[in-house]
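Student: here are the coordinates; sequence isn't available:
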C-alpha cells in the first residue's frame, strides 16, 4: 500500500481524527460555507479577528467531509493565528499552487506548516477539491472582510 | 411482474462471458480490476463495440433522408434496432423514442408537457396548471426529481412526494394520502440507484390509475438487471439508458404509451421531425420521429441493439436470479462487518446486485480510495440522490453494484477490503474527537 501510505500519511490521519479548530457554529467577523458538489461535502469556516482588527486571532470551522478535507482544514487552522489577511491570501495561493502541481511542488513548511503533508494528495486529481475546500472557504471569508472594511 | 423461476447464471458461465468484456481484463494498481460500479455505467462486450465499428466502416450515412444505398441501409439498421430494443422492454417500435440517455428522456416528458401547458389547444391530458399536483418519491435520482421541480415551477403545479420508511422502503400508507384527485403525474423509480430494492410498481400504477394520473417510470436501474415489460407493468412512460445495459454511451430511450405520445407536442425541434415548413410555421411528424430532431445517434442505436441481443441471449430471468444472489452476498457480507451500516431494505426484499452503506468513522471518499488501491472500483458520494441521503441523516455513501459479469470472487475481494478499512483509518480504535 505504498500509494495509499503516501496519500494518507500519519500526520494527515492524525489531523483527520484530532481535528483542530472544529467547533459548533458561533459568531464571527466573517464566514463562508463551501460545498464540494461532486460529493456533497460541506464546510463552514469562520474568521475571528484579534482586538487590533488587522490580524486573525483564529479560525473555527464545522462540516462533514473525508479525511483529506478534514485534515486539510485542521492544518489550515494551525497556520492562521496572528496573520494579517494579506499574508493568508499569499499562503492560500501557495497551497493552491502545490495542490495543482500533481506532485511536482513540495511546498514550504515555513509557509504551509503541516499542510505540506498534503503534497502527496495533489497526485490524486479527484482529491484536490477535498484538500482545497477549507482553504477556499477561508479565502472567501477573508474577501468578505476586505469588502466590508474598505 | 415476472416471477423468476429460472436458474441463476452459474459462476462457470460468468467466468466464460467475462471474456467478452475487454475492459474487465485489465489490472488497476497492480490488482485485477474488480469493477463494482456497474450502476454508474456498465462495461461493454466486444459485440457492442464491433457493431458500432461495423456500422462506421460499412453503412455510415444519415437516416430518413437521401436515396443512396448507404442511407437506405443505415435507415433499415436504425429502425430494426428500434424494433429490437422496443421488444426487449415489451413495447411496440413506434412507442420508443431515442434520447441521449434516461435523463433526457425524462426531460422530454417534462418539457413536452410544459410546452403543452402553454398551448390552450393542446390535449388536456398533458396540460398542467395551478391546482394540479406532480408526485415523486423521496428516493428519486435527481434526474427524476429536478425536471419535475422545473415543470411544477413553470406551470404553477405543486410537487409532492411519497416519503421513505426507515428501512428505505416506500411508505405505501402515505402514498395513498399523497396521491389524490389533484395528482396528474406520478413519477418513480423501478429500482433505486442507492437502495437497490425493486419498487412495488403494480401498487403505484393502481393508485395512479384510480385518480387518472400519468405514470412515469425511471427504469434505468431495472432494465439492465431484470426482465422489464412496460405493458405488463402498465406504466404510461418509461426511461432507460443504453450505457448502463452494456450499450454505448450517448444513447437512451423513452417508452411512451402511443396515445400519450401522440398527444404530446415536441420538446426539441428542427430537422427530421417536421412535415411541411414555411417561414412562419411547421407541421410535426407523428411519434416517434416528432421527438427526434436532428441527425440521430445511429451507431449508438445499433450498438444498443447489439447489447440487447447479448442480454437476451444470456436471459434476463437468469441475470435477475444471479444478481439477487450477489445482492444477498453483499448485504450479508457487509452486515457481518462491525461498524458498517447498510442503507435500504435488507431482509428478503426483492433487490438487484447493489448495496450502499456508511462506514462508522470513515468517509465514503476515503473508503473508495482505499478500495481503489486494491483494484476495486466502487462509487462514493451522494449518487445524484441528495434528498434520499438527507432522509437518512447522511451526506454520502459507498456503493458496490454488480452486473451480469460480476464474480463471487470480486464480491469476496470487496468484502475482504471492507474488513480492513476501519483499521487503516484508525476508526476501529478511537472515539472520534469533537
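Tutor: Now that the structure is in, tell me what you want to look at. Keep in mind that this is a model prediction, so the values were computed, not measured.
Student: how long is stretch A:114-131 end to end?
Tutor: 13 Å (C-alpha to C-alpha, to the nearest Å).
Student: please apply the same query to stretch A:28-43.
Tutor: End to end - C-alpha to C-alpha - stretch A:28-43 spans 15 Å.
Student: now the closest residue to residue B:298 other than its chain neighbours: which helix or strand?
Tutor: Nearest residue to residue B:298 in three dimensions, chain neighbours excluded: residue B:78, at 5.3 Å (C-beta to C-beta, 6 or more residues apart in numbering or on different chains). All C-beta atoms are positioned from the backbone trio N, CA, C, and that covers glycine. Secondary structure assigned from DSSP states H and E places residue B:78 in helix B:69-88.
Student: which is the succeeding secondary structure element to that helix?
Tutor: strand B:96-99.
Student: helix or strand right after that following strand?
Tutor: helix B:102-117.
Student: can you name the residues in contact with that next one?
Tutor: B:97, B:99, B:122-123, B:126-129, B:143-144, B:147-148, B:150-151, B:154-155, B:185, B:187, B:216, B:218-220, B:237, B:239-241, B:252-254, B:256, B:263-268, B:291 (C-beta atoms under 8 Å, 6 or more residues apart in numbering or on different chains).
Student: could you pick out the residues of chain A near chain B for me?
Tutor: A:1, A:3-4, A:7-8, A:13, A:16-19, A:22, A:38-42, A:64-68, A:70, A:124, A:127, A:130 (C-beta under 8 Å from any C-beta of the partner chain).
Student: give me the low-pLDDT residue ranges for the stretch 251-400 of chain B?
Tutor: Applying pLDDT under 70 to the stretch 251-400 of chain B flags residues B:347.
Student: ditto for the stretch 101-250 of chain B
Tutor: If you take pLDDT under 70 as the line, the stretch 101-250 of chain B has no such spans.
Student: which stretches of it form helices?
Tutor: B:102-117, B:146-155, B:172-178, B:201-210, B:230-233 (DSSP state H, counting those that start in this stretch).
Student: the second one packs against which elements?
Tutor: On a contact count with 3 or more C-beta pairs under 8 Å, 6 or more residues apart in numbering or on different chains; DSSP states H and E, helix B:146-155 meets helix B:102-117, strand B:133-137, strand B:158-162.
Student: show me what counts as buried in it.
Tutor: Residues B:146, B:147, B:148, B:151, B:152, B:154, B:155 are the ones in helix B:146-155 that count as buried (16 or more other C-beta atoms under 10 Å in any protein chain shown).
Student: go on, stretch B:293-310?
Tutor: Buried residues in stretch B:293-310, counted by 16+ other C-beta under 10 Å: B:293, B:296-310.
Student: measure stretch B:267-284 end to end?
Tutor: Stretch B:267-284 has an end-to-end distance of 11 Å (C-alpha to C-alpha).
Student: same question for stretch B:57-72.
Tutor: End-to-end distance for stretch B:57-72, by C-alpha to C-alpha: 15 Å.
Student: how far does it sit from the chain's center?
Tutor: Its chain's average C-alpha position is 31 Å from that of stretch B:57-72, according to C-alpha atoms, centre = their mean, to the nearest Å.
Student: can you list contacts of that stretch?
Tutor: B:73, B:74, B:75, B:77, B:78, B:79, B:272, B:289, B:295, B:296, B:298, B:299.
Student: what would the helices and strands packed on helix B:146-155 look like in CSV with mean neighbour count?
Tutor: Formatted as CSV, those follow (neighbours: other C-beta atoms under 10 Å in any protein chain shown):
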stretch, mean neighbour count
helix B:102-117, 24
strand B:133-137, 25
strand B:158-162, 18
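Student: I'd like the ones you listed laid out as TSV, including distance to residue B:207.
Tutor: As requested, these are arranged in TSV below (distance: least, C-beta to C-beta, whole Å):
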stretch	distance to residue B:207
helix B:102-117	19
strand B:133-137	9
strand B:158-162	9
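Student: mind checking the ones you listed for the one nearest to residue B:38?
Tutor: helix B:102-117 (15.2 Å; C-beta to C-beta).
Student: for the helix or strand of chain A with the lowest mean pLDDT, name the packing helices and strands.
Tutor: Across the helices and strands of chain A, mean confidence by mean pLDDT, DSSP states H and E is lowest for helix A:2-7: a mean of 81. Where contact means 3+ C-beta pairs under 8 Å, 6+ apart, helix A:2-7 is packed against helix B:364-373.
Student: for whichever helix or strand comes after the helix it packs on, the distance to its chain's centre please.
Tutor: Once the chain leaves helix B:364-373, the next helix or strand it forms, by DSSP H and E, is strand B:376-377. In this view, strand B:376-377 has its centroid 21 Å away from the chain centroid, taken as C-alpha atoms, centre = their mean.
Student: list the neighbouring strands of strand B:376-377 plus their orientation.
Tutor: strand B:34-35 (parallel) (DSSP bridges).
Student: kindly reformat the helices of the stretch 101-250 of chain B as JSON lines containing distance to residue B:37.
Tutor: Putting the helices of the stretch 101-250 of chain B into JSON lines (distance: least, C-beta to C-beta, whole Å) gives the following:
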{"stretch": "helix B:102-117", "distance to residue B:37": "17"}
{"stretch": "helix B:146-155", "distance to residue B:37": "23"}
{"stretch": "helix B:172-178", "distance to residue B:37": "31"}
{"stretch": "helix B:201-210", "distance to residue B:37": "26"}
{"stretch": "helix B:230-233", "distance to residue B:37": "27"}
